[in-house]
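Peer 1: Next input, structure requested:
(2 chains)
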Number of protein chains: 2
Amino acid sequence: LLRGDTLNTNASWIAKKLSERGMDIYKILVIPDDVDEISSSIRESDEEIIIITGGLGPTPDDMTRKGVADAFGDVLVMREDLLDEMREVHEVTKDAEVMAQLPSKAVPLKNPVGSAPGFVIGDGNRMVFVLPGVPEEMKAMFDDVLRHLEKFGKKKHYVAYIKTAKPEASIASELNEFVRRFPSVKLGSYPKGEQVYIRLSSRDKSELERAVEWLKKQIE
Amino acid sequence: LLRGDTLNTNASWIAKKLSERGMDIYKILVIPDDVDEISSSIRESDEEIIIITGGLGPTPDDMTRKGVADAFGDVLVMREDLLDEMREVHEVTKDAEVMAQLPSKAVPLKNPVGSAPGFVIGDGNRMVFVLPGVPEEMKAMFDDVLRHLEKFGKKKHYVAYIKTAKPEASIASELNEFVRRFPSVKLGSYPKGEQVYIRLSSRDKSELERAVEWLKKQIE
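Peer 2: The predicted structure is shown next:
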C-alpha cells in the first residue's frame, strides 16, 4: 500500500459499510510494518473505535499482534484453543503457531476463510478491531465487527445529492450562502470530469429537504 | 474518501511515483475537511516531506489553504499575480478569488489544467506540497514536485520478487531464518489468491542477489 502497488480497497470497503450504517469515519491511516509505528498510532489516536487490517500472517513482517499488545501495555499469550481450531483445518507448522498468539486481554474473532484469527481488544478509552489484510478474509469477518458496533450506528444521517454541469467556481457564492443559511446541513462539493456533485447531509430530514430545495433553485 | 465512495487513487499514484525514484513512503493519511485536523496533522507529523491533495477549490468545504497556513503559523494573503493568471483563463467570480489566497510564505505551483494553483511551503523542519484533488490536475503538476524532491531520491533501492504457490504458513520458518541471515535485506510477504509474493529489497545489489538465491533454494 505504501509503495502504491495496491489500491487500499479494504479501507474504502470498510468506510462504505460504516457510512451506510450512519457512522462517521474520521481518519484512514496507512503505516509501515513496524511494531512501534503500530502501537504509537493507536495510542496517539483520539478515536473511540479503530479498525486495523493486515499484519496477522505467520511471516516476520506480520507485526500487528505485537504492535496492538504494546499499545495496550499487554503481552502476547499463546491461545491453545485457537491453535487447536487452526489444526483442525490445516497442518500448523512451528513458525505458523505465532498466529494463535493474541494479546492476553483480546477476544478472538473467527476467520471462516483463512487461518489467522482476528481479535478485538479494548479499554475504557477505545476499542480496536484487528482483521486480516486479505480482502476475502476481512470481509468474511466484518459482520462480527458490525455486531460489536451496533450501538454506535443508531444516529441516522439523511443524504441528498445535487449534480450540476456548472463549474465549481461559478456556484461558490451560492454554496457560501448555503453554509450560512443551513448551518446544520453538512456540505461537500466534488468536481468530477465536467460535473460537480454536491453532497448534503443532515440528521434532520425536513431541514435537509428545505436545504435541497433552496440550493437547487439557486443553482438552476 | 472517508465514506468509501471513492478509492484513494491519488495516494497510490503518488506513492508509486516516489517509490520508483527510491523514496520511502512512511504514512498515508486521509482526514476530514477541517482546518484544525489539517493543521494538527501537519504539525504532529514526523516526516520531512508531506504531500497534500485536495481542498483547494472555491467552495466552503475547501479548507486546505487555511489549514496549512495555520500549521506554519502563517496567514493567507491574496496573490494578485495568481489572480491575474486565473483571470486570463476564466472569468473569476468574487467567491472564486479565494483560490488565489496562499500562505504568505508559500511558493505557488502552476496548475496547467484547472484553476486552483497549488503551492509549496517549508520551514527548517519540513516541506509541504499542496496539490488539487482532481487527479488530472494533480498529475499535471507532479513533475514540479519531483523537481523539488530530486535531492531526496538519490539512494537507489534494488528490488526482487519471488512468487510461490505454497501457503504462507508453510514457508514461515524459511522467512524467519531469512530475516536472521540477511538483516540488511527488507522482506515483505503478500498473499494474493493462491500465490504468495515475496518482495525483497536492499540498497546493496550483490547482497540482494545472494539473498534471492538462498531463499529460492529454501522454498523450492
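Peer 1: Could you pull up the residues touching the closest residue to A:S170 other than its chain neighbours?
Peer 2: Among residues not flanking A:S170 along the chain, B:T93 sits closest, at 6.2 Å (CB to CB, 6 or more residues apart in numbering or on different chains). (C-beta placed from N, C-alpha, C; glycine too.) Residues in contact with B:T93 (CB atoms under 8 Å, 6 or more residues apart in numbering or on different chains) are A:A169, A:S170, A:A172, A:S173, B:P58.
Peer 1: Give the buried residues for stretch A:65-84.
Peer 2: Buried residues in stretch A:65-84, counted by 16 or more other CB atoms under 10 Å in any protein chain shown: A:65-72, A:74, A:76, A:79, A:82-83.
Peer 1: what helix or strand does A:I38 sit in?
Peer 2: helix A:35-43 (DSSP states H and E).
Peer 1: Next: A:P58.
Peer 2: Going by DSSP H and E, A:P58 is not in any helix or strand.
Peer 1: Can you show me the helices along chain A?
Peer 2: A:9-20, A:35-43, A:64-71, A:80-89, A:135-149, A:168-181, A:205-219 (DSSP state H).
Peer 1: State the pLDDT value of A:S170.
Peer 2: For A:S170, the pLDDT comes out at 86.
Peer 1: Next one: it from B:G57, what distance?
Peer 2: Going from A:S170 to B:G57 by CB to CB, to the nearest Å gives 12 Å.
Peer 1: Give me the below-cutoff pLDDT ranges for chain A.
Peer 2: Under the criterion pLDDT under 70, the flagged ranges of chain A are A:151-155.
Peer 1: Mind doing that once more with 80?
Peer 2: Where chain A drops to pLDDT under 80, the residues are A:124-125, A:150-157, A:193.
Peer 1: and the closest residue to A:P167 other than its chain neighbours, how many neighbours?
Peer 2: Once flanking residues are discounted, A:P167 sits nearest to A:V196: 7.2 Å by CB to CB, 6+ apart. When neighbours are counted by other CB atoms under 10 Å in any protein chain shown, A:V196 registers 23.
Peer 1: one step back: just the helices of chain A: most buried one?
Peer 2: helix A:64-71 (a mean of 22; mean count of other CB atoms under 10 Å in any protein chain shown).
Peer 1: which other residues reach that one?
Peer 2: A:34-40, A:42-43, A:52, A:54-56, A:75-76, A:98, A:101-104, A:106, A:121, A:128, A:130.
Peer 1: Phi first, then psi, for the nearest residue to A:E48 once chain neighbours are set aside.
Peer 2: Spatial nearest neighbour of A:E48, chain neighbours left out: A:R126 (5.7 Å); criterion: CB to CB, 6+ apart. Torsion angles at A:R126 (phi, psi; degrees, to the nearest 10) stand at phi -150, psi 160.
Peer 1: isn't A:R126 right next to A:E47, touching?
Peer 2: Yes. Using CB atoms under 8 Å, A:R126 makes contact with A:E47 at a distance of 6.6 Å.
Peer 1: between those two, which one's more packed in?
Peer 2: A:R126 (17 against 14).
Peer 1: show me what contacts the more buried one?
Peer 2: So A:R126 contacts A:I42, A:S45, A:E47, A:E48, A:I49, A:I50 (CB under 8 Å, 6+ apart).
Peer 1: repeat that with 10 Å
Peer 2: A:I42, A:R43, A:S45, A:D46, A:E47, A:E48, A:I49, A:I50, A:A71, A:F72 (CB atoms under 10 Å, 6 or more residues apart in numbering or on different chains).
Peer 1: of all these, which two lie farthest apart?
Peer 2: The span of the contacts of A:R126, defined through CB to CB, is set by A:D46 and A:F72 at 16.3 Å.
Peer 1: which residues touch the residue nearest to A:P112 when sequence neighbours are not counted?
Peer 2: Nearest non-adjacent residue to A:P112, counting by CB to CB, 6+ apart: A:A140, 5.3 Å away. Counting by CB under 10 Å, 6+ apart, A:A140 makes contact with A:K110, A:N111, A:P112, A:V113, A:G114, A:L131, A:P132, A:V134.
Peer 1: again, only this time at 8 Å
Peer 2: Contacts of A:A140 by CB under 8 Å, 6+ apart are A:N111, A:P112, A:V113.
Peer 1: Repeat that for A:S202.
Peer 2: A:H157, A:Y158, A:F182, A:S184, A:V185, A:K186, A:L208, A:A211.
Peer 1: Let's see that with 7 Å instead.
Peer 2: A:S202 makes contact with A:Y158, A:S184, A:V185, A:K186, A:L208 under the criterion CB atoms under 7 Å, 6 or more residues apart in numbering or on different chains.
Peer 1: now the residues you listed in CSV, with distance to chain B?
Peer 2: Formatted as CSV, these follow (distance: CB to the nearest CB, whole Å):
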residue, distance to chain B
A:Y158, 14
A:S184, 14
A:V185, 12
A:K186, 8
A:L208, 16
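Peer 1: Show me which of those residues are buried.
Peer 2: Going by neighbour count (16+ other CB under 10 Å), those have A:Y158, A:V185, A:K186, A:L208 buried.
Peer 1: A:A211 is in contact with the second one, correct?
Peer 2: Yes. The criterion here is CB atoms under 7 Å, and A:V185 meets it with A:A211 at 4.5 Å.
Peer 1: Can you pull the residues that touch both of these two?
Peer 2: Common neighbours of A:V185 and A:A211 (CB under 7 Å, 6+ apart) are A:L200.
Peer 1: ok so, going back, take the contacts of A:R126 and keep only those in strands.
Peer 2: A:I49, A:I50 (DSSP state E).
Peer 1: of the contacts of A:R126, closest to chain B?
Peer 2: Taking CB to the nearest CB as the measure, chain B lies nearest A:D46 of the contacts of A:R126, at 10.0 Å.
Peer 1: what number of residues lie near the closest one?
Peer 2: 9.
Peer 1: Find the nearest non-adjacent residue to A:D204, please.
Peer 2: Here the residue nearest A:D204, using CB to CB, 6+ apart, is A:S184, at 6.1 Å.
Peer 1: How about A:V89, nearest residue that isn't a chain neighbour?
Peer 2: In space, A:V89 is closest to A:S115, 6.7 Å off (CB to CB, 6+ apart).
Peer 1: so the one you found makes contact with A:R87?
Peer 2: No. When contacts are counted by CB under 7 Å, A:S115 is not listed as touching A:R87 (9.9 Å).
Peer 1: hang on, A:V30 packs against A:N10?
Peer 2: No. Using CB under 7 Å as the test, A:V30 is too far from A:N10 to be in contact (10.0 Å).
Peer 1: if we can go back for a sec, what's the most distant pair in the buried ones among the contacts of A:S202?
Peer 2: A:Y158 and A:K186, at 10.6 Å, using CB to CB across these.
Peer 1: Which residues are in contact with each of the two?
Peer 2: A:S201, A:S202.
Peer 1: wait, what's in contact with the nearest residue to A:V145 once chain neighbours are set aside?
Peer 2: Using CB to CB, 6+ apart and skipping residues adjacent in sequence, the residue nearest A:V145 is A:F129, 5.1 Å away. Taking CB under 7 Å, 6+ apart as the criterion, A:F129 is in contact with A:I51, A:I52, A:V120, A:V145.
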